[in-house]
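Asker: sequence-free structure coming up:
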């Protein structure tokens, strides 16, 4: 009897513990849902920027404290909306160009950002930090259409319209090393192989050329039926992708220079390409604003979505390949979280001006954008929720009142101080 009683007592204890854990799980889920609802609700608040900011930060705290999604887009949207209403500057402007910034690239070896513009300037920025004064590498008196750093950080290439591809030796203080002349000196795409010395180029003619950067030697890689607008090479050099002006997506496999036509949409230019090495994927953006993904394992298209209202001119993966940034001449920049199911894209920027290029910096925590925005053609944007949330309380001098808490949050959570340093 004693054993039976002990067993009954143990079962009752376990049942109570399960019930308590279920209650806690329900509470946590309710708090995460509340954070989502608050982030949406605050978008409709007008003429009270501090209230927007406080609700956005409290929603962030609820989500963080209760094990909510990592970096959800709804928190990002709410916090960004609040910061804009508060006139809290979360942009990182880099001032040095007097015209549009057409191309940017990041040297992962040194942490230096490079930018090329329609003002003819080729600039370097030390880690892209706010207030940095750029170093002028060259003033080419023409549009610098493409800027690209070799994977090993040795070479900097700059395609200067009508003049050729200038090669600079980064290890020798960016001394000009040579000039590569092809495609009537109107290059439209450059891609590096993994060794950092071989490249492919394309331009306004129909050819793809292969080069040895150090020697300057070149050979014809492929002649298409239409100008090749975009090129990409996988990290293992096993795939080369080429997008043409007449709407073909060509794929070269295993070092072959004979492609298969992976996709064709006549007249719809393929303008941007990138490989995702972890999942063996290829993505492309086209003239119609459509983003597509292919699995290279089965050569199947697995995703198709109209992301933009105009041409997608650049697509870039973050260093860890979790995020994809898309840039378009419709003035918008989106970031897609590839590891979170059913996540809405982050709208990083939406404006009237053209966007030309995008790149991830600072270990993928910031997206830098090149555009034709007058006065600020090169700016960085944090899109990690933790970084954005940290900007709210320093720009607010109070916390939520108890009446505001009761109205917007209710009795689901006990009142607390939202911004601890403001009390």
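Answerer: Thanks, I have it. Bear in mind that the values here come from a model prediction, so they are computed numbers and not experimental data.

Asker: so, low pLDDT: which residues of the stretch 301-423 of the chain?
Answerer: 421-423 (pLDDT under 70).

Asker: could I get the full set of helices for it?
Answerer: Under the criterion DSSP state H, counting those that start in this stretch, the stretch 301-423 of the chain contains helices at 385-389, 402-408.

Asker: quick one: the ones you listed as JSON lines, columns for distance to residue 310 and mean neighbour count too.
Answerer: (Each C-beta comes from the backbone N, C-alpha and C, glycine too.) Formatted as JSON lines, those follow (distance: least, Cβ to Cβ, whole Å; neighbours: other Cβ atoms under 10 Å):
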{"stretch": "helix 385-389", "distance to residue 310": "27", "mean neighbour count": "20"}
{"stretch": "helix 402-408", "distance to residue 310": "38", "mean neighbour count": "13"}
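
Asker: could the ones you listed go into a markdown table alongside distance to residue 396?
Answerer: Shown next, in a markdown table, are the helices of the stretch 301-423 of the chain (distance: least, Cβ to Cβ, whole Å):
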| stretch | distance to residue 396 |
| --- | --- |
| helix 385-389 | 12 |
| helix 402-408 | 13 |
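
Asker: of the ones you listed, give the one that comes closest to residue 79.
Answerer: helix 385-389 (4.6 Å; Cβ to Cβ).

Asker: so which elements touch the closest one?
Answerer: Judged by 3 or more Cβ pairs under 8 Å, 6 or more residues apart in numbering; DSSP states H and E, helix 385-389 is in contact with helix 49-65, helix 73-85.

Asker: tell me which of the helices of the stretch 301-423 of the chain lies nearest to residue 71.
Answerer: Nearest of the helices of the stretch 301-423 of the chain (Cβ to Cβ): helix 385-389, 5.0 Å.

Asker: off-centre distance for the closest one?
Answerer: Computed by Cα atoms, centre = their mean, to the nearest Å, the chain-centroid distance of helix 385-389 equals 16 Å.

Asker: contacts made by it with the rest, please.
Answerer: Outside of helix 385-389, the residues within contact range by Cβ atoms under 8 Å, 6 or more residues apart in numbering are 56-57, 60, 71-72, 75-76, 79-80, 83, 90, 365, 382.

Asker: in this protein, where is pLDDT below threshold?
Answerer: For the chain, the ranges with pLDDT under 70 are 1, 127-131, 421-423.

Asker: picking that back up, reformat the contacts of helix 385-389 as TSV; add distance to residue 19 and neighbour count.
Answerer: As requested, the contacts of helix 385-389 are exported to TSV (distance: Cβ to Cβ, whole Å; neighbours: other Cβ atoms under 10 Å):
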residue	distance to residue 19	neighbour count
56	34	29
57	33	25
60	30	26
71	32	22
72	29	22
75	31	26
76	36	24
79	36	26
80	40	20
83	42	22
90	44	18
365	41	15
382	42	20
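
Asker: would you list these in TSV and tack on distance to residue 223?
Answerer: Formatted as TSV, those follow (distance: Cβ to Cβ, whole Å):
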residue	distance to residue 223
56	55
57	58
60	54
71	45
72	48
75	50
76	45
79	51
80	47
83	51
90	47
365	42
382	44
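
Asker: residue 164: which of those is nearest?
Answerer: Once Cβ to Cβ is applied, the member of the contacts of helix 385-389 that ends up nearest residue 164 is residue 365, at 35.4 Å.

Asker: from memory the closest one sits against residue 380, does it?
Answerer: No. Contact criterion Cβ atoms under 8 Å: residue 365 and residue 380 do not qualify, at 9.6 Å.

Asker: and the closest residue to residue 374 other than its chain neighbours, how many neighbours?
Answerer: Distances taken as Cβ to Cβ, 6 or more residues apart in numbering put residue 353 closest to residue 374, at 7.7 Å, once the chain neighbours are dropped. By other Cβ atoms under 10 Å, 15 other residues sit near residue 353.

Asker: what does residue 331 give?
Answerer: Residues near residue 331, counting by other Cβ under 10 Å: 19.

Asker: and if you look at the one 4 residues further on?
Answerer: When counting by other Cβ under 10 Å, one arrives at 24 neighbours for residue 335.

Asker: relative to residue 80, how far out is the closest residue to it other than its chain neighbours?
Answerer: Excluding the flanking residues, the one nearest residue 335 by Cβ to Cβ, 6+ apart is residue 346, at 4.2 Å. Residue 346 sits 9 Å away from residue 80, taking Cβ to Cβ, to the nearest Å as the criterion.
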